[in-house]
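Novice: The amino acid sequence is not available; the structure is as follows:
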């Protein structure tokens, strides 16, 4: 006792991870009910359109009217006595279920009295699936009840390693509920509860899994039209680089439409795959054994659900392939545009080089003309000086002095101009560095 008490005190002193309670409680979040046979289960599933706010309000009002404390805001299960049976509520990711467990009617298929789903029941959201399941002894009356099912879709299998037979036709009765009959061959209450809930989940989850099929049908023409656009764009790409920019804009728009379409169906198709996997897990968990001459649950659901799941997967794969092909086509167009730009830049640089050479030649011509013009003015000024010297008696005539000065003047002007040009060239190089 001392060691146990010490261990408990030590655990209480430890800092608790806030996720620990949630993780530990997940294993016991939805326990199977203990069902004493015979029993009737009526299960209704509703979609949560407001994150469960209305669902919680309705369940709280029902609980208070029955004198039961309402569930907590984050509760995932809740149950209380209702009439001659018991109402059980469960919250799931995108739907909730209301299950009523009560006595069986006199005959299978007769109206069930005492359940809460009458005119006073306020549904918390759109109705998506419902099950009317009865668990009866496997006697003559139970065998006779099998005749009520539609033979065109009748399924009968041995369940729980021979402890029960389960039958259904996956059709809805006058109340819109799928009828399931379980004939008991010695099920204990825990196994009866597990089998009942798994059969109910097979019906609900197979309905939810098929929600992706109408969506696949609705976007199929859109995907086909995008595939046609891609084919046309790739054909136009063969014609040359004349309209590369227009094609790139068009292919970018098509890629955006593909991504928007894929995002719109991402959750629904992902959920359909998950629900389909749950259906297969539940079929494996019930320990089904086929009966010779009868179609089993697994064979019927595989034959009816597999094409729908393949259709959803095919649409997803077509969208993924479209996205990849559009991305490759866009890369090819970008490469073509880059090459076109490189050619344009090369031509532009060649043109600029030619212009620079012309400017250099023009500059050299201007420099030569400027040397001559400036030399002419310098020689003219020197002529006035020479005339002054001749007037003062200088023995050399002004004409001769002017003629002799011309080469020296041109050389001097050329040296000055050349020095100025070199100074400018040196300054330009410093700026570039």
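Specialist: Received, thanks. Bear in mind the structure is a predicted one, so any value in this text is a computation, not a measurement.

Novice: Sketch out the helices for the stretch 301-433 of the chain, chain order is fine.
Specialist: For the stretch 301-433 of the chain, the helices defined by DSSP state H, counting those that start in this stretch cover 398-432.

Novice: Show me where it dips below the pLDDT cut-off.
Specialist: Under the criterion of pLDDT under 70, the regions of the stretch 301-433 of the chain flagged as low confidence span 364, 367-368, 424-433.

Novice: all strands in it, in order from the N-terminus.
Specialist: Assigned by DSSP state E, counting those that start in this stretch, the strands in the stretch 301-433 of the chain number zero.

Novice: for stretch 159-170, what is the average pLDDT?
Specialist: Rounded to a whole number, the mean pLDDT of stretch 159-170 is 94.

Novice: Can you get me the start-to-end distance on that stretch?
Specialist: 17 Å (Cα to Cα, to the nearest Å).

Novice: contacts for that stretch?
Specialist: The contact list for stretch 159-170, computed with Cβ atoms under 8 Å, 6 or more residues apart in numbering, reads 135, 138, 146, 149-158, 178-187, 191-192, 195, 199, 203, 286-289, 297, 300. (C-beta placed from N, C-alpha, C; glycine too.)

Novice: again, only this time at 6 Å
Specialist: Applying Cβ atoms under 6 Å, 6 or more residues apart in numbering, the external contacts of stretch 159-170 come out as 146, 149-150, 153-158, 180-187, 191, 195, 199, 286-288.

Novice: Just the buried subset of the residues you listed, please.
Specialist: By neighbour count, with 16 or more other Cβ atoms under 10 Å, these hold 146, 149, 154-158, 180-184, 187, 191, 195, 199, 286-288 as buried.

Novice: Select from those residues every entry located in helices.
Specialist: In this view, these that belong to helices under DSSP state H are 191, 195, 199.

Novice: Could you dump the residues you listed into a markdown table and include pLDDT?
Specialist: Compiled in a markdown table, these are given as follows (pLDDT from 0 to 100):
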| residue | pLDDT |
| --- | --- |
| 191 | 94 |
| 195 | 95 |
| 199 | 96 |
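
Novice: State whether residue 128 is indeed within a helix.
Specialist: No: counting by DSSP: H, G, I helix; E, B strand; the rest coil, one finds residue 128 to be strand, located in no helix.

Novice: gap between it and residue 205?
Specialist: With the distance defined as Cβ to Cβ, to the nearest Å, residue 128 ends up 11 Å from residue 205.

Novice: Looking at the two, which one has more neighbours?
Specialist: More crowded of residue 128 and residue 205, by other Cβ atoms under 10 Å: residue 205, with 23 against 16.

Novice: Please name the residues that touch the more buried one.
Specialist: Counting by Cβ under 6 Å, 6+ apart, residue 205 touches 275, 278-279.

Novice: Just the closest of those to residue 352, please.
Specialist: Set against residue 352, the nearest of those by Cβ to Cβ is residue 275 (66.6 Å).

Novice: residue contacts, that closest one?
Specialist: By Cβ under 6 Å, 6+ apart, residue 275 lies in contact with 205, 208-209.

Novice: With pLDDT, distance to residue 255 and secondary structure added, can I get these in CSV?
Specialist: As requested, those are arranged in CSV below (pLDDT from 0 to 100; distance: Cβ to Cβ, whole Å; DSSP: H, G, I helix; E, B strand; the rest coil):
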residue, pLDDT, distance to residue 255, secondary structure
205, 96, 35, helix
208, 96, 31, helix
209, 95, 30, helix
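
Novice: Let's have the residues you listed in a markdown table, adding distance to residue 391.
Specialist: Written out in a markdown table, the entries for the contacts of residue 275 read as follows (distance: Cβ to Cβ, whole Å):
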| residue | distance to residue 391 |
| --- | --- |
| 205 | 126 |
| 208 | 123 |
| 209 | 123 |
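
Novice: what pairs with residue 45 across the strands?
Specialist: With DSSP bridges applied, the residues forming beta bridges to residue 45 are residue 97, residue 129.

Novice: residues contacting it?
Specialist: Going by Cβ under 6 Å, 6+ apart, the list of residues near residue 45 reads 95, 97, 128-129, 204.

Novice: Name the helix or strand for residue 88, please.
Specialist: Residue 88 is located in strand 85-91, with elements delineated by DSSP states H and E.

Novice: just to revisit the earlier point, closest one of the ones in helices among the buried ones among the contacts of stretch 159-170 to residue 60?
Specialist: Set against residue 60, the nearest of these by Cβ to Cβ is residue 199 (29.4 Å).

Novice: which stretches of the stretch 151-300 of the chain have low pLDDT?
Specialist: In the predicted model, the stretch 151-300 of the chain carries pLDDT under 70 at residues 239-242.
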